[in-house]
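Enquirer: Predicted model and sequence below, questions to follow.
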Amino acid sequence: MSTVLDPFEQALRDELRAVTPPDGVTVGPGAVVAAGRRVRRRRLVLTGGTAVVLVALVVAVTTTLTGGRRPTAPAGPVAPVGLTEVTAPPGDPAATYGVTVGGVGTSATVWTRGTGGWTRAVDVALDPEHRRSASVVLPGSTTLVGFVPSGAARRAVVANTDLGGIASRPAATPVVGSSWSAFVTVPGWTSTQRVGPTDLVWWAADGVPVDADGRRGWSTSVDGVAYWLDARSRLWGQQDTDEVVALTARVGVVTGVGRTGPDGVRQTWSTLVPASVPAGPVRVVLGGGSQVTGAVGRLGPLGVLVARASDPQDPPTRLEWTAVDGRASTYPLG
């Protein structure tokens, strides 16, 4: 008795006979078709559809030709959806970091990429409503990842140490699909310095510093130098296009910078002074007894003094000015 084959089954048998199998592999058209029938019957009971027949037959052919081993896709790093790669600081062994922002900009995830692909490192809570910045030190490292609002003109990570404030100003990368920018940094302070609280400060487009809680501080320019003071009057310093100088806010403590130019060494001193010192020009008495004219500008609840000297001099020791009522006034520095 002859068996009449389904036209589709006959075509499949013809195709299988025409295949040239790899060395050492035997293709049995009958076995392949029989396997397809068994799978087809099981799938038809479950789905009642005919499209599954094609899938079952293809699986049967593939399994027979590969000796029972299904081919697998090559392993490789698959980036999480919405991931933004963030520039790592020079010398960082991890080299590649990424961040994703979820929800309505209220949470973020930090990822690291190694030989096996992307690994979730840590989650960070964000507060877009109050424009609070956020930062986290990655587990088992000294690497700090921070988030600031995308409108930040610049940003600085500041540590209060026994030597004063130390600032690190990393580059930031806008995070795709969010109102945040992210940065990665390894702060530059060393283990020999007693590090106190670490602050994240960013600057709005108008040059005003904003602390980690979203509170705006103050900024001013005195004698061509831009100064800033944070909202809690804990940190202050200078800022320009290239760098941010951060110091622990101590009233009356003088800091000085000497620069060598074509006319010799030019020194610049600055310090915070109380609001009782009037804004404007003041006499600055130096340690050796000589005097220079300085300038005081308002900086929030305090003032900031700037004084300069053309030759190397001892630091300022006091300020002198004449009050509105004509009385001579003085304020000690040191």
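Expert: That came in fine, so what should we check first?
Enquirer: Please make it C-alpha for all contacts and neighbour counts, starting now.
Expert: Noted.
Enquirer: Around residue 288, count how many other residues there are.
Expert: 11 (other Cα atoms under 10 Å).
Enquirer: Going forward, count from 449.
Expert: Will do, 449 is the new start, and the previous item becomes residue 736.
Enquirer: how near is it to residue 760?
Expert: To residue 760, residue 736 is 11 Å away according to Cα to Cα, to the nearest Å.
Enquirer: Same check on residue 556?
Expert: Using Cα to Cα, residue 556 is found at 51 Å from residue 760.
Enquirer: Repeat that for residue 536.
Expert: Taking Cα to Cα, one finds residue 536 at 41 Å from residue 760.
Enquirer: Compare neighbour counts for these two and give me the winner.
Expert: Comparing residue 536 with residue 760 by other Cα under 10 Å, the one with more neighbours is residue 536, at 21 against 11.
Enquirer: list the contacts for that one?
Expert: Contact analysis of residue 536 by Cα atoms under 8 Å, 6 or more residues apart in numbering lists 543-545, 631-633.
Enquirer: any chance of these in TSV, plus secondary structure, distance to residue 720 and pLDDT?
Expert: Shown next, in TSV, are these (DSSP: H, G, I helix; E, B strand; the rest coil; distance: Cα to Cα, whole Å; pLDDT from 0 to 100):
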residue	secondary structure	distance to residue 720	pLDDT
543	coil	40	65
544	coil	41	81
545	strand	39	89
631	strand	31	89
632	strand	31	87
633	strand	29	82
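Enquirer: Could I have the ChimeraX command that selects the buried members from the residues you listed?
Expert: Buried residues among the contacts of residue 536 (16 or more other Cα atoms under 10 Å), as a ChimeraX selection:
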select :544,545,631,632,633
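Enquirer: Residue 701 reaches residue 779, doesn't it?
Expert: No: between residue 701 and residue 779 there is no contact under Cα atoms under 8 Å: 12.0 Å.
Enquirer: Let me see the domain layout of the protein.
Expert: Domains of the chain are assigned by automatic domain parsing as 455-513, 532-664, 703-780.
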